[in-house]
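Undergrad: what would the 3D arrangement of this be:
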Amino acid sequence: MAGISPEISGKTGRYRMSMFHSKNRLDPIPTRMGSMEITKQGAIRYDLRDPYHLAMTLSWPRFFLTLLVLELTINIVFALLYVIAPGSLTNTRPYSFSDAFFFSIETLATVGYGAMAPATLYGHIVSAIEILCGMTFTALMTGLIFVRFSRPKAKILFADNPVIGRSNGRPTLMIRLGNGRMSLLADATARLSVLLPERTAEGQMFRRTLDLSLTQSRLPLFGLIWTLMHPIDEHSPLARLTVETLAESDLRLILIIEARDHVMGAHVFDLHTYDGDAILFGTRYQDALSIDDRGRTNADLTRLSLVEPDDPPGERMGEVMGASMA
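TA: Sure thing, here's the model as predicted:
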């Protein structure tokens, strides 16, 4: 798109850029999608109309910094309310901001050491309002911290590079995954897509998302290592790619993994993307599984990304496919 239209009409009504009330929201905003970074214009990074989503998307340092700023802001506001009414608190110096500030902290936390207390009707009203605010603030922050800590994560390890090598005599795109948890993941499903730029007959450029079929897109139990395989045949969107055309195609691979963690009793999700230049031609993954002297299967996750030569690099995948089928 060449730019953002100031007004877009549609079935759902009219969308005006004046909703943003700020020129800064027209600046490009970087967003990460797996390992790929994109930018958006016209979006709001910190939308106060959706505080829950905002609190969940903040990093841990920013989240705790926001909590600290809110805590200080609330205490400063109530401390000023006490300061402007001298005599509203007992055992405090007149117009002493520090005394009022520390009394506000004790009141907001419902500690109440007893040395300072409301002395007038005004002081009782302000402290009652502050106690209600403190209880609400504590309940909200406790819930948000619990949700952030309890949010399930897949802890799936991805190989650094996808590879293209032979499997059962035909060229195959392979991506290796590892289960980074000690527990098993149940009913794991994988979906692999390719994002390809295309030019229409009218000369417009757009990106088309195409699904890549996998020989096994579901595992009942995902405990160690899982190698996803996409056979490159005449129906594959990757059939005509070579090392040379790959550098010009600007394709991206998008991998979505979903599973159920039976320990936590929750579904987990992970997303990973690969640039086209990360694909290694004529290679395959080195063995990462072994059997010990007690007959147990051992997975060495440190070897997850190790590769070795397979087919001559640079050979056209379509020709290799044809030769393998002949």
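
Undergrad: regarding the chain, what is its longest strand?
TA: strand 185-199 (DSSP state E).

Undergrad: now the element after that one, going C-ward?
TA: Sequence-wise, the next helix or strand downstream of strand 185-199 (DSSP states H and E) is strand 205-212.

Undergrad: following that next one, which helix or strand comes up?
TA: Following strand 205-212 in sequence order, the next helix or strand is strand 218-222 (DSSP H and E).

Undergrad: so which elements touch that next one?
TA: strand 185-199 (3 or more CB pairs under 8 Å, 6 or more residues apart in numbering; DSSP states H and E). Every C-beta, even on glycine, is put in place using the N, C-alpha and C of the backbone.

Undergrad: packing partners of the strand it packs on?
TA: strand 170-179, strand 205-212, strand 218-222, strand 225-231, strand 252-261.

Undergrad: save those as a markdown table, and put in distance to R294 too.
TA: Putting the helices and strands packed on strand 185-199 into a markdown table (distance: least, CB to CB, whole Å) gives the following:
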| stretch | distance to R294 |
| --- | --- |
| strand 170-179 | 21 |
| strand 205-212 | 39 |
| strand 218-222 | 21 |
| strand 225-231 | 19 |
| strand 252-261 | 27 |
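
Undergrad: return the most buried member of those strands.
TA: Stretch with highest mean neighbour count among the helices and strands packed on strand 185-199: strand 170-179 (a mean of 23; mean count of other CB atoms under 10 Å).

Undergrad: partner strands of it and their direction?
TA: Using DSSP bridges, the strands paired with strand 170-179 in its sheet are strand 156-158 (antiparallel), strand 163-167 (antiparallel), strand 225-231 (antiparallel).

Undergrad: between those strands, which gets the lowest average pLDDT?
TA: Per-stretch mean pLDDT for those is lowest at strand 163-167 (a mean of 91).

Undergrad: buried set for that one?
TA: V163, I164, G165, S167 (16 or more other CB atoms under 10 Å).

Undergrad: hang on, the earlier thing: distance to T73 for the strands paired with strand 170-179 - can I get that in TSV?
TA: Converted to TSV, those look like this (distance: least, CB to CB, whole Å):
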stretch	distance to T73
strand 156-158	40
strand 163-167	53
strand 225-231	49
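
Undergrad: if we can go back for a sec, which of the helices and strands packed on strand 185-199 comes out lowest on mean pLDDT?
TA: Of all the helices and strands packed on strand 185-199, strand 205-212 carries the lowest average pLDDT, namely a mean of 86.

Undergrad: show residues contacting that one.
TA: 173, 191-200, 230, 236-238, 253-254 (CB atoms under 8 Å, 6 or more residues apart in numbering).

Undergrad: one more: stretch 179-192?
TA: 154-157, 175, 177, 211-212, 214, 217-226, 228, 230, 253-263, 268, 301.

Undergrad: and what of stretch 130-150?
TA: Contacts to stretch 130-150, defined as CB under 8 Å, 6+ apart, come from residues 52, 55-56, 60, 63, 67, 70-71, 74, 78, 104, 107-110.

Undergrad: again, 7 Å this time
TA: Stretch 130-150 has contacts (CB atoms under 7 Å, 6 or more residues apart in numbering) with A55, M56, L67, I74, F78, S104, T107, L108, A109, T110.

Undergrad: likewise stretch 97-105?
TA: With contact meaning CB under 7 Å, 6+ apart, stretch 97-105 is reached by N75, I76, F78, A79, Y82, V83, L89, T92, R93, M116, E130.

Undergrad: now stretch 56-65
TA: Against stretch 56-65 from outside (CB under 7 Å, 6+ apart): A55, T66, R148.

Undergrad: got a quick PyMOL command for the buried subset of these?
TA: In PyMOL, a selection of the buried entries from these looks like this (16+ other CB under 10 Å):
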select buried, resi 55
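
Undergrad: on that earlier part again, which of the contacts of stretch 97-105 sit farthest apart?
TA: Across the contacts of stretch 97-105, the longest distance by CB to CB is 19.7 Å; it joins R93 and E130.

Undergrad: comparing these two, which residue is more hemmed in?
TA: Under the criterion of other CB atoms under 10 Å, the comparison of R93 against E130 puts E130 first, with 23 against 11.

Undergrad: look at that one and report its pLDDT.
TA: 94.

Undergrad: and the gap between it and F102?
TA: Separation of E130 from F102 (CB to CB, to the nearest Å): 13 Å.

Undergrad: ditto for A79
TA: In terms of CB to CB, A79 sits 8 Å off from F102.

Undergrad: which one of those two has more residues nearby?
TA: Using other CB under 10 Å as the criterion, A79 and F102 rank with A79 on top: 21 against 17.

Undergrad: tell me which helix or strand that one sits in.
TA: helix 60-83.

Undergrad: can you list the buried residues in that helix?
TA: F63, E71, I74, N75, F78, A79, L81, Y82, V83.

Undergrad: check stretch 296-305 too.
TA: For stretch 296-305, by 16+ other CB under 10 Å, it's R303, L304, S305.

Undergrad: H272: which of the strands paired with strand 170-179 is closest?
TA: Per CB to CB, nearest to H272 of the strands paired with strand 170-179: strand 156-158, 4.7 Å.
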